[in-house]
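Enquirer: Below are the sequence and a predicted model for it; my questions follow.
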Protein chains: 4
Amino acid sequence: MNTFGTRLKFTSFGESHGKALGCVIDGIPAGIKFDENFLQNELELRKPGKNKFLSPRKENDEVEILSGVFQGYTTGTPISAVVFNKDARSKDYEELKDVFRLSHADFTYFYKYGIHDYRGGGRSSARESINKVIAGAIAAMLLKEFDIEVFSGICSIGTKNIDFKNIDFEFCKTSEIFCLDPNYEEEFKKELLNVKKAKDSIGASVYTCVKNVPIGLGEVLYDKLDSKLAHALMGINGVKAVEIGSGVKASHMRGSSYNDILKDKKFLSNNSGGILGGISNGSLIEIKTHFKPTPSIFIPQESMDKKGNNVRYILKGRHDPCIAIRGSVVVNAMVRFILADLLLLNASSRLDYLKKIYTF
Amino acid sequence: MNTFGTRLKFTSFGESHGKALGCVIDGIPAGIKFDENFLQNELELRKPGKNKFLSPRKENDEVEILSGVFQGYTTGTPISAVVFNKDARSKDYEELKDVFRLSHADFTYFYKYGIHDYRGGGRSSARESINKVIAGAIAAMLLKEFDIEVFSGICSIGTKNIDFKNIDFEFCKTSEIFCLDPNYEEEFKKELLNVKKAKDSIGASVYTCVKNVPIGLGEVLYDKLDSKLAHALMGINGVKAVEIGSGVKASHMRGSSYNDILKDKKFLSNNSGGILGGISNGSLIEIKTHFKPTPSIFIPQESMDKKGNNVRYILKGRHDPCIAIRGSVVVNAMVRFILADLLLLNASSRLDYLKKIYTF
Amino acid sequence: MNTFGTRLKFTSFGESHGKALGCVIDGIPAGIKFDENFLQNELELRKPGKNKFLSPRKENDEVEILSGVFQGYTTGTPISAVVFNKDARSKDYEELKDVFRLSHADFTYFYKYGIHDYRGGGRSSARESINKVIAGAIAAMLLKEFDIEVFSGICSIGTKNIDFKNIDFEFCKTSEIFCLDPNYEEEFKKELLNVKKAKDSIGASVYTCVKNVPIGLGEVLYDKLDSKLAHALMGINGVKAVEIGSGVKASHMRGSSYNDILKDKKFLSNNSGGILGGISNGSLIEIKTHFKPTPSIFIPQESMDKKGNNVRYILKGRHDPCIAIRGSVVVNAMVRFILADLLLLNASSRLDYLKKIYTF
Amino acid sequence: MNTFGTRLKFTSFGESHGKALGCVIDGIPAGIKFDENFLQNELELRKPGKNKFLSPRKENDEVEILSGVFQGYTTGTPISAVVFNKDARSKDYEELKDVFRLSHADFTYFYKYGIHDYRGGGRSSARESINKVIAGAIAAMLLKEFDIEVFSGICSIGTKNIDFKNIDFEFCKTSEIFCLDPNYEEEFKKELLNVKKAKDSIGASVYTCVKNVPIGLGEVLYDKLDSKLAHALMGINGVKAVEIGSGVKASHMRGSSYNDILKDKKFLSNNSGGILGGISNGSLIEIKTHFKPTPSIFIPQESMDKKGNNVRYILKGRHDPCIAIRGSVVVNAMVRFILADLLLLNASSRLDYLKKIYTF
């Protein structure tokens, strides 16, 4: 239940205000150069408190590797990583510990388990995504060996969309809000500041693109590449929709305009998003992930407490005005993880592959 | 890879033009009245050849139960069901056996496995969804014991949408095209006939609604209810997008208007689609599933053959003009299956539940 | 729960007197020549009714392949196989349907599930091992590509043991009782006839030896080769002990005499049974599997009925005097299956293996 | 691969001389009083350095809980526990880092992964069993709620056996060598000191007995109670044989003397070891686990180095003369874990159980 993956797995633990968060990554092949700086850097990307568009919670999010690496290389044994919580302010939550914060998981955790660690949302906190980022970064070390690259960034905020004409992944990495198009960054930032001023929050969408994926990743019929992507992305806090290729728009189209023509060994369009029958077809993998607005806003709201009384409450705590921004790093991580998993699975799908390995 | 589910699992096998399709359902509790008529009836709903809006392939799709039921009740042992193929016309496919049909999985299966059963798409055929329907129907026998009901139907065809004001699930069941709103059926049918006349196909969307789901279904953090739904639905042939609750629209909203207010022990809106933190919150579960147009159309198309040559081809075979129609039955089945799975998983999530069982 | 395996899985279904037994094998690589004669022949080895040392139940046990094979080769999709029951005589069981037959699973199934298919033991019947033999035979088609061979036969009956000096696997295959040593066959057969005459049954042991296993099979730490062997073999009906290498005897030894010396790149002894740290070390894999006597005997016995009354009963039905004989075929099959599974898993355990596959 | 369990799972990580060992336990129901003292105490039982019969390595083995517990109770979220290594002396191993220590996993790890953390055996060290003990102790907190108790102790050392007439579990707990019978302790200790003096090691066996197991634990057909026990126990470092009930002896018996008579609602004997058809029958669960002698001895031995040269080596390091002693604590832990897992699985095996939960 807290494990994700088929051949490559990670198991996640930890609460927002507990001692630590961490994960165990199992199934990473032996012999990969382990790049701890890269890993820490990926966590920096996800980290709060860096600028005015993010939650002001200050966490160093320093990762400590406890196992699975020896003399700078992976050993084939499980890699465990842990991040200790440093700046948890549980006091912020005590006052409202009996209130079900709207659109949060307080309500469902309480009724499901009969007990709930209310501090910062406990296990349901988006802070758990640290583990996803760790797992994704380690997966990326494998993908790098095969030149597979995953890019993610913000393609819309509220009702404002980029037009997909000037996507710049290098710019995106340096943008404070991971905006995909330099022409839209200013407008998006303005919208975010407006929202913040209004003590409100806003939804946004993340576009992801994967390059150099070999044909053949995706195991039929219930470990399809698109199935796994949808599973992982819909499981990220705040995600309410996932689209592959032309997504919702595909449902508006006719077959004659939807079908991607295959000519001179190339697909001339990419409505499929690079996936046919759940298997990568060699085109770019393209995905859109849609986030709801941050549930935590600073406007008074009406809800219920644990005794069933109606209550009016005002939140304290430190929250992002738009979860999709840091969410884009998490989306990226999960896509990486899935590709690494399917790369490993695919290695034993054909007799001729096995013959290459076992007859050297 | 061909198994789905966590506590309740089904394992699927079979090709479109092979001897048979079938599945094994494992984990169904003992003591459930087994309703074989209901099961056969669900398969009737999915069956092709019933009217002019569907593929003319004539299959009886008679299901045979081989195990797991004794004296009319489930025994706790695996239930296996098989449907023999009767009306496969492999000849239709022989002529094009070296052509990669556009938007089909021919291309990816061939390169992934180095071998491909081209007859009717083989394993990648939508005919495999028979197994999903069987699994869903058996899951429904369990859900019925707890009054949980799942409804699915067509809410849009191409660019035409219902307005969600007059949804009628009883009507939907009897509609030839599973239309959710009687006021829109005629328009939808007209569109379908236009498409058919043009030898083309069209995309469409399915709305699903679940009633009477108890609070607490969904296992954190990687077996969330919404994750599992997204996984299963994105895995259905032709699905390119999945939305939970307000879905894509959530990304356009502000938190102040998105958050579902909880008053007098009820949620006043349902932007969440009945799921908070991956766990059911007692509201209706609401999902939208978007299907691409049927890839098989009867207009000449350009593609590639197995040797890498460009080819122009015209399809034979028998195909639905709109896969979403029969797809809505499959969506329904998968949602049922997931709810049954999570119902079983949840049974061991609390000590007080276990005490009820083990101290009688 | 009815699925076994990690990368290669099989899912089993069926009851002794139900319509059919069968299984789905998932994860077999594409491109293996499928040898249906070999498969049927393996089932012949397990079949009852062939001679006076076995149960007289007459079953053809003809296997039908429903999916996963195309033009004589595996396709990478799940292979399903079914064997229809032909000679079930449920009448034999009706008289005793309320009696818990001693050392059978009637008692535990009834109390676990509240319902029990009493006919021939239902799901708990050793007849289920047909599925194990099918899975093992298909696994063997893969192993053959790498010259890995598994041999199993009877090494003791009751208190009579072979001395392991003249093991002859070729003789064993043709022996009516799968005796490993031609010098002991007569004595063993005599013992069996004595037992039969006394309307009794007898325990026996199976020795298994695997040749040409490459170094490296076995995934640490909970998918070890020896763990998986123990799991699978202890799960065969009637097995009460499993030994690897010198087994129980290892517990009597000192380290100085136990440790297998490694000289000139070879192990000089094999107390380890070819497994170190759960991973194959290139020596012969050696296993002993111990079977209890057949629970069904024709001497009157005392037991209980479903209402809790003491009863005295005499069995009808057709039973083996010594389950280990046909059991040796099942042991062999499970060992094959595990080796195939671990061969596939190992293929993605090293970066240099993956590089061989993905850079052609 | 590093995860064990079906409904209750634990994932293990860590190397003998790495930073830390630890595990994540997933699936523990919410609402169990978490007894950290008990957990630490179980680790004390396994700890080396306590007396002259054990390895002199001094480790505090202090466990730190990082997640999953709130206000003294389990929350239903994953519990993670970590033990930092304090007294690792990697220097002891450096000298022999290129030598494959006999009967150790050095050889197989090196060839499997192409890289091996030689320090103290790395991942293959028996020190990993800390994680098994943690998982077992947490499982025991659940079992305690249902009065299920597991006892384990030494029943033989080398060729000396207890006679099973005066088993005293209370005595066993306080015995320095976990001897089951006070009358044999002195003799066993003498044997151990002889072995130690000879710089040698010795094998031994562990008897385990479980009281108050309800009827019905064990999931057919590949999650049988005995299968899972065999899997887990054979996976403990040094175990070469597992027996259930009368074990190997069953293979010597006739059915008429083996079958456990059921009279006045009780089984009059326990050759089955409390398990029929893989399911607990309400009798005592009885198991024997056989350990080889510690591979590490202080007599010069012949082996090979990583370049394939023959070498003669003398071990340094600190080692137990008899691994079974501390191994008995590990056996106990694994048996507990499996019973807790099966208790949870069984909770959703019957409709009437579910009705008790979902209709309150």
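Expert: Looks like it arrived, so ask away.
Enquirer: What about the spatially closest residue to A:H319 that is not a sequence neighbour, how many residues nearby?
Expert: Nearest residue to A:H319, sequence neighbours excluded (C-beta to C-beta, 6 or more residues apart in numbering or on different chains): A:S296, at 4.0 Å. Where C-beta positions appear, they are placed from N, C-alpha and C, glycine not excepted. Number of residues near A:S296 (other C-beta atoms under 10 Å in any protein chain shown) recorded here: 23.
Enquirer: contacting residues around the residue in the stretch 251-360 of chain A that chain D sits nearest to?
Expert: Going by C-beta to the nearest C-beta, chain D is nearest to A:L344 of the stretch 251-360 of chain A, at 11.6 Å. Counting by C-beta atoms under 8 Å, 6 or more residues apart in numbering or on different chains, A:L344 touches A:7-8, A:27, A:29, C:348, C:354.
Enquirer: How many residues are close by A:S124?
Expert: 25.
Enquirer: isn't it right up against B:G277?
Expert: Yes: contact criterion C-beta atoms under 8 Å: A:S124 and B:G277 qualify, at 4.3 Å.
Enquirer: residues from the stretch 51-200 of chain A in reach of chain D?
Expert: A:64-68, A:70-71, A:73, A:75-80, A:82, A:112-117, A:122-123 (C-beta under 8 Å from any C-beta of the partner chain).
Enquirer: Tabulate the contacts of A:L344 in a markdown table, adding columns for neighbour count.
Expert: Formatted as a markdown table, the contacts of A:L344 follow (neighbours: other C-beta atoms under 10 Å in any protein chain shown):
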| residue | neighbour count |
| --- | --- |
| A:R7 | 26 |
| A:L8 | 25 |
| A:G27 | 23 |
| A:P29 | 26 |
| C:S348 | 25 |
| C:L354 | 24 |
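Enquirer: Looking at these, spot the one nearest A:N60.
Expert: A:L8 (27.6 Å; C-beta to C-beta).
Enquirer: pretty sure that closest one contacts A:I25?
Expert: Yes: between A:L8 and A:I25 there is a contact under C-beta under 8 Å: 7.3 Å.
Enquirer: Tell me the spatial nearest neighbour of A:K288, not counting adjacent residues.
Expert: Sequence neighbours aside, A:E243 is the residue nearest to A:K288 in space, at 4.2 Å (criterion: C-beta to C-beta, 6+ apart).
Enquirer: Next up, identify which helix or strand the one you found is on.
Expert: strand A:239-244 (DSSP states H and E).
Enquirer: One more: A:F38?
Expert: Counting by DSSP H and E, the element that carries A:F38 is helix A:36-46.
Enquirer: what's that helix packed up against?
Expert: Contact analysis of helix A:36-46 by 3 or more C-beta pairs under 8 Å, 6 or more residues apart in numbering or on different chains; DSSP states H and E lists strand A:63-67, helix A:129-144, helix A:323-346 as its packing neighbours.
Enquirer: list the contacts for the residue nearest to A:K288?
Expert: Taking C-beta under 8 Å, 6+ apart as the test, what A:E243 contacts is A:287-290, B:240-241, B:248, B:290.
Enquirer: Rebuild these as CSV, extending it with distance to C:A105, secondary structure and pLDDT.
Expert: Formatted as CSV, the contacts of A:E243 follow (distance: C-beta to C-beta, whole Å; DSSP: H, G, I helix; E, B strand; the rest coil; pLDDT from 0 to 100):
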residue, distance to C:A105, secondary structure, pLDDT
A:I287, 49, strand, 98
A:K288, 53, strand, 98
A:T289, 49, strand, 98
A:H290, 52, strand, 98
B:K240, 48, strand, 98
B:A241, 48, strand, 98
B:V248, 53, helix, 98
B:H290, 48, strand, 98
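Enquirer: Those: which two are farthest apart?
Expert: Applying C-beta to C-beta across the contacts of A:E243, the maximum distance is between A:T289 and B:H290, 14.8 Å.
Enquirer: part of a strand, is A:V210?
Expert: Yes: assessed by DSSP: H, G, I helix; E, B strand; the rest coil, A:V210 belongs to a strand.
Enquirer: Look at the residue of the stretch 251-360 of chain A closest to chain D and report its pLDDT.
Expert: pLDDT for A:L344: 98.
Enquirer: Report the separation between it and chain B.
Expert: For A:L344, the distance to chain B (C-beta to the nearest C-beta, to the nearest Å) stands at 13 Å.
Enquirer: and what of A:I325?
Expert: 12 Å.
Enquirer: residue contacts, that residue?
Expert: A:53-54, A:154, A:177-178, A:204.
Enquirer: Go through the residues you listed and give me the one with the most neighbours.
Expert: Ranking the contacts of A:I325 using other C-beta under 10 Å puts A:A204 first, with 32 neighbours.
Enquirer: Got phi/psi on that residue?
Expert: Backbone torsions of A:A204, given as degrees, to the nearest 10, read phi -160, psi 170.
Enquirer: pLDDT weak spots in chain A?
Expert: Where chain A drops to pLDDT under 70, the residues are A:360.
Enquirer: can you give me the helices for the stretch 201-350 of chain A?
Expert: A:225-234, A:255-258, A:323-346 (DSSP state H, counting those that start in this stretch).
Enquirer: Spell out which residues of the stretch 1-150 of chain A are next to chain B.
Expert: Counting by C-beta under 8 Å from any C-beta, the positions of the stretch 1-150 of chain A adjacent to chain B are A:1-4, A:6, A:12, A:100, A:102-105, A:107-109, A:111-114, A:123-124, A:128.
Enquirer: Try it again at 7 Å.
Expert: Within reach of chain B by C-beta under 7 Å from any C-beta of the partner chain, the stretch 1-150 of chain A has these residues: A:1-4, A:12, A:100, A:102-105, A:107-109, A:111-114, A:123-124, A:128.
Enquirer: In PyMOL, select just the buried ones from the residues of the stretch 51-200 of chain A next to chain D.
Expert: Provided next is the PyMOL selection string for whichever of those are buried by 16 or more other C-beta atoms under 10 Å in any protein chain shown:
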select buried, chain A and resi 65+66+67+68+70+73+75+76+77+78+79+80+82+112+113+114+115+116+117+122+123
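Enquirer: tell me which parts of chain A are close to chain C?
Expert: A:7, A:29-32, A:76-77, A:145-146, A:214, A:220, A:344, A:347-354, A:356-358.
Enquirer: one more time with 8 Å
Expert: Checking chain A against chain C by C-beta under 8 Å from any C-beta, the hits are A:7, A:27, A:29-32, A:76-77, A:142, A:145-146, A:214, A:220, A:343-345, A:347-358, A:360.
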